[in-house]
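In: make a model of this:
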Amino acid sequence: MRNGDYTYRGRRPRVGVLADTGIQLVYFVLMIIWLEVIYQLFTFHAIKPIFGYVVLFSLGIGALFTVLTGFFRQKINRVIAMTINIVMILFYMTELVYHSIFKMPLFIDAAKTGAGDAMAYWKEALEAIAKNIPAFLLMLVPLIIYRIILNRKVVIKKRGFSLQLLMVALMVALFALPIGVIQLSGKNSIIYSVYYGFDDVNLAAQDVGMITTVRLGAQKQMFGEGESVADNLVLDQSDKKSETDKTTTSKKVSNSKKDSRVIQTTQNQGKNVMDIDFSSLITNEKDSDIKLMHEYFNEQQGTNKNQYTGKFKGYNLIFLTAEAFSPYCVDKDITPTLYKLVNNGFVFKNFYTALWQTSTSDGEYTAMNGLLPIGSHSFRRSSKNYVPFTMGNQFNRLGIQSMAYHDNSLSYYDRNLTHPNMGYLFKAANLGKVTEKNGKDLIFKMAHPQSWPQSDLEMMQATMGEYDKNTPFHAYYMTVSGHMNYSFDGNAMAAKNKDAVKNMKVSDEAKAYVACNVELDKALEYMINELKAQGVLDKTVICLSADHYPYGLSEGKVDELAGKKVDKDFEIYRNNLIIWNSAMTEPIVINKPASSLDILPTLSNLFGFTYDSRLLSGSDILSDSDPLVILSNKSFITDKVKYNAKTKQVTYLVDKSQVPEGYVDKKIKEVRNKFVIAQGIVDHDYYGHIKKYLKFPTSK
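Out: Okay, here's the model as predicted:
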């Protein structure tokens, strides 16, 4: 029997178009909720009480899918419905695998621009897939139900105009429902900050769901929602500090009697600022965003010079970003060189390395540019901008060729574009996707280039002869030996150094992580010995920081290495910063909270470079500036408080009576402004815009 779009073969009784539509709506909503539950259980290992917002957002998404399956004849509608099922399941599976590797959701812009980069993680992806097979099987449950039951019992007829219009109206209402509830919760509520601030993408994934999180990310990427300087920057003239320079101040930078040092700042030393006529810039600027940036920088006071200003003037610099480096791989016996460097020279007791959205690339960007990364792939987005304050460009102005090396791909994260822009002649162990004719000239030969991860020691052996030790030099290294996954079977560096960690009383995975960093330790030992043999060790500064903490370790492994439960909001980001010179006979211990943002201005001050401290997100750790550690979700640490942006909880590090009234709110605004300004610097090529005002000394 045939009746319009309905075909009956004795097994598909008609239950009515309204009932069919209602069943579809309920199914699609429950499908989304089911997939969210599985994703969150396997990703975050819990379902939060606030999961109700995920349910609310699922209503609108389910209504959308129902609308999409009502425009055509039954056969086409069935294909659309089945396609929606398959696409949604694959979406959640992909997000689960991506998060297993990178500990972040996958966004459209990252998938579009970083697909080639992600292919380099195929081994990690296979391991993540194997680990999540139970989740994948559970995610297939809705598809099985739909195919076996609903596809046989529910007729998906082309809906009449009135019913379809009603469904569209219902869809709009259901999409508006959670937004209305969030609005009613008030601007000070956590859910309001999660949805509109969109500062913590993992928190968003938990609180509003993955589909909504990806949608918010796409909105931000495509329409710049919430990114305009004019819409987001808050300038308060009452916050301006006195224009009078401080006279003589002193701050202890250590509680250790033996290693105590005092930073002296005097009016005569002045500030690390440049002569920029912001008044003229403000008067003549027509672009509202850039004008506000001029006004913001004009309000900043900059950092004072101090007793360490120019301490390393005329010295060489070897600057390293170490893959997944952390305090948990530093051991007096297993990694003795790292232990020596961490505990001598400048010793930073309260240093933090945040995890940003593009993990390694953003970690590198932060340390090398002194700027907050915004969204994803900030480094790539800055590759055509003028970046005058990087170490490479500052050394180049002195007539010193800056070299950069990486023991992996030349093109990974587009370093073939970003690093030359920072003033480096950049070379790597392999080309990656680079096809230029001179590409092979940018490859250095390693003994085992096909191993994964590659050897940092072999990178040093292959490259240290490239810069002349008889003349001043600057070299930058991005290491890779510490890369996940951490096992003795699938990680070449862990297998190579297995004997070094055999006596550790921890799991094999934790041992494998430390074994990977034994290779970094060997690389540093080789570096120091070579510098000593060349007679330039005492005139060379070694600076090393991490790109991020070892998030590739399984749940609980960091706790295992630390020997205690590590706080996942703040302590997980605690790390070491090495700034070491062999001529420093006693350690200089710094207790001031600091982060990767502060590395560039600190080095600039130590090397006596001309730079403007007002134009960077971080500040010179050795100055008397107020400390401010900023994390990716806008949480922060000062010398007085810790502020958790996820919970809006304030932890006082000193007696509450010592904290000025309004201090926390002022810092919240300061942190927000720093993010807005950092975005503006990249989006508007701000340094390029004021280039003629930046007067640098050049080599004679």
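In: and the spatially most central residue of the chain, what helix or strand is that in?
Out: Centroid-nearest residue in the chain: Trp356, 1.3 Å away (criterion: CA atoms, centre = their mean). Here Trp356, judged by DSSP states H and E, is contained in no helix and no strand.
In: equivalent analysis for Val347, please.
Out: Counting by DSSP H and E, Val347 is part of strand 346-348.
In: so what are the sheet partners of that strand and their directions?
Out: Strand 346-348 sits in its sheet next to strand 578-580 (antiparallel), strand 588-590 (parallel), going by DSSP bridges.
In: ok so, going back, for the residue nearest to the centre of the chain, which non-adjacent residue is spatially closest?
Out: Distances taken as CB to CB, 6 or more residues apart in numbering put Asp362 closest to Trp356, at 3.3 Å, once the chain neighbours are dropped. Every residue, glycine included, has its C-beta placed from N, CA and C.
In: again, but for His419
Out: What sits nearest to His419 in space, not counting adjacent residues and going by CB to CB, 6+ apart, is Phe426, at 3.9 Å.
In: would you say that neighbour is within a helix?
Out: No - applying DSSP: H, G, I helix; E, B strand; the rest coil, one finds Phe426 to be strand, outside a helix.
In: pLDDT at it, what is it?
Out: Note on Phe426: pLDDT of 96.
In: can you pull the buried residues of stretch 507-522?
Out: Within stretch 507-522, the residues that qualify as buried are 507-522, counting by 16 or more other CB atoms under 10 Å.
In: out of the residues you listed, the closest to Gln450 would be?
Out: Glu519 (15.8 Å; CB to CB).
In: for the closest residue to that closest one other than its chain neighbours, what are its contacts?
Out: Nearest residue to Glu519, sequence neighbours excluded (CB to CB, 6+ apart): Ser481, at 3.9 Å. Residues counted as contacts of Ser481 (CB atoms under 8 Å, 6 or more residues apart in numbering) are 323, 407, 453-457, 493, 516-517, 519-520, 523.
In: next step: these restricted to strands.
Out: Among the contacts of Ser481, the ones falling in strands (DSSP state E) are Asp407.
In: could the contacts of Ser481 be laid out in TSV, adding distance to Leu30 and pLDDT?
Out: Listed next are the contacts of Ser481 as TSV, based on distance: CB to CB, whole Å; pLDDT from 0 to 100:
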residue	distance to Leu30	pLDDT
Glu323	42	98
Asp407	49	96
Pro453	43	94
Gln454	48	96
Ser455	51	97
Asp456	50	98
Leu457	55	98
Met493	46	98
Cys516	44	98
Asn517	47	98
Glu519	50	98
Leu520	49	98
Ala523	54	98
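In: hmm, who's touching the strand holding Val347?
Out: 259, 576-577, 579-580, 584, 587-590, 594, 621-622.
In: can you name the two of those residues that sit furthest apart?
Out: Spatially, the most separated pair among the contacts of strand 346-348 is Met584 and Ala594, at 18.2 Å (CB to CB).
In: what about those two, which has more around it?
Out: Between Met584 and Ala594, Ala594 has the larger neighbour count (other CB atoms under 10 Å), namely 25 against 15.
In: show me what contacts the residue nearest to His419?
Out: 403-406, 410, 415-416, 419-420, 442.
In: closest one of those residues to Asp538?
Out: Met403 (20.8 Å).
In: Three-state assignment for that closest one, please.
Out: Strictly by three-state DSSP, Met403 counts as strand.
In: and for it, nearest residue in space, chain neighbours not counted?
Out: Ala475 (4.7 Å).
In: Ile38 - nearest residue in space that isn't next to it in sequence?
Out: In this structure, Ile38 finds its nearest non-sequential neighbour in Leu138, 4.9 Å apart by CB to CB, 6+ apart.
In: burial count for that neighbour?
Out: For Leu138, the number of neighbouring residues by other CB under 10 Å comes to 17.
In: picking that back up, which one of the contacts of Phe426 sits closest to Leu184?
Out: The closest of the contacts of Phe426, once distances to Leu184 are taken by CB to CB, is Arg415, at 46.9 Å.
In: how much space separates that closest one from Met422?
Out: 10 Å (CB to CB, to the nearest Å).
In: what does Ile144 give?
Out: 53 Å.
In: name the residue in those two with the higher neighbour count.
Out: Set Ile144 next to Met422 and count neighbours by other CB under 10 Å: Met422 wins out with 26 against 11.
In: show me the contacts for the more buried one.
Out: 368-369, 387, 390-393, 404.
In: residues near the residue nearest to it when sequence neighbours are not counted, how many?
Out: Spatially, and ignoring its direct neighbours in sequence, Met422 is nearest to Thr390 (4.0 Å; CB to CB, 6+ apart). Using other CB under 10 Å, Thr390 has 22 neighbouring residues.
In: now Lys349
Out: Using other CB under 10 Å, the number of residues around Lys349 comes to 16.
In: next: Val589.
Out: By other CB under 10 Å, neighbour count at Val589 equals 19.
In: so Arg397 makes contact with Lys695?
Out: No - in this structure, Arg397 is not within contact of Lys695 by CB atoms under 8 Å, at 11.2 Å.
In: contacts for stretch 362-371 next, please.
Out: 319, 321, 353-356, 372-373, 376, 378-379, 382, 387, 389-391, 413, 418, 422, 476, 478, 545-548, 596-601, 616-618, 678, 681-682.
In: how does it look with 7 Å?
Out: 321, 353, 356, 373, 378-379, 387, 389-390, 422, 478, 545-548, 596-597, 599-601, 616-618, 678, 681 (CB atoms under 7 Å, 6 or more residues apart in numbering).
In: sort out for me which of these are in strands.
Out: 321, 478, 545-546.
In: and the residues you listed, which is closest to Lys498?
Out: Lys498 lies nearest to Ala546 out of those, by CB to CB, at 23.0 Å.
In: which ones are touching the closest one?
Out: 322, 324-326, 353, 363, 575.
In: so what sits opposite it in the bridge?
Out: With DSSP bridges as the rule, Ala546 is bridged to Ala322.
In: which residues in the stretch 451-600 of the chain form strands?
Out: Using DSSP state E, counting those that start in this stretch, the strands of the stretch 451-600 of the chain run over residues 474-478, 540-546, 574-575, 578-580, 588-590, 594-595.
In: can you redo the ones you listed as CSV with mean pLDDT and distance to Tyr315?
Out: Below are the strands of the stretch 451-600 of the chain laid out as CSV (pLDDT from 0 to 100; distance: least, CB to CB, whole Å):
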stretch, mean pLDDT, distance to Tyr315
strand 474-478, 98, 10
strand 540-546, 98, 5
strand 574-575, 98, 24
strand 578-580, 98, 11
strand 588-590, 97, 16
strand 594-595, 98, 21
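In: next, format those as a markdown table and append distance to Lys568.
Out: Listed next are the strands of the stretch 451-600 of the chain as a markdown table, based on distance: least, CB to CB, whole Å:
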| stretch | distance to Lys568 |
| --- | --- |
| strand 474-478 | 26 |
| strand 540-546 | 17 |
| strand 574-575 | 12 |
| strand 578-580 | 25 |
| strand 588-590 | 25 |
| strand 594-595 | 17 |
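In: ok so, going back, so which of the contacts of stretch 362-371 are in helices?
Out: 378-379, 599-601, 678, 681 (DSSP state H).
In: is it true that the residue nearest to Ile38 lies in a helix?
Out: Yes - counting by three-state DSSP, one finds Leu138 located in a helix.
In: Met446 contacts Gln461, correct?
Out: No - judged on CB atoms under 7 Å, Met446 makes no contact with Gln461 at a distance of 8.1 Å.
In: any low-confidence regions in this structure?
Out: Scanning the chain for pLDDT under 70 picks out 1-15, 108-120, 155, 223-227, 236-268, 437-438, 699-700.
In: and the residue nearest to Trp356, which helix or strand is it part of?
Out: helix 359-369.
In: and the angle for that helix with strand 540-546?
Out: 140 degrees (axes from the mean of the first three to the mean of the last three CA atoms, to 10 degrees).
In: the nearest residue to Phe609 once chain neighbours are set aside - how many residues pack around it?
Out: Using CB to CB, 6+ apart and skipping the chain neighbours, the partner closest in space to Phe609 is Gln394 (4.8 Å). A count of neighbours around Gln394, defined by other CB under 10 Å, yields 24.
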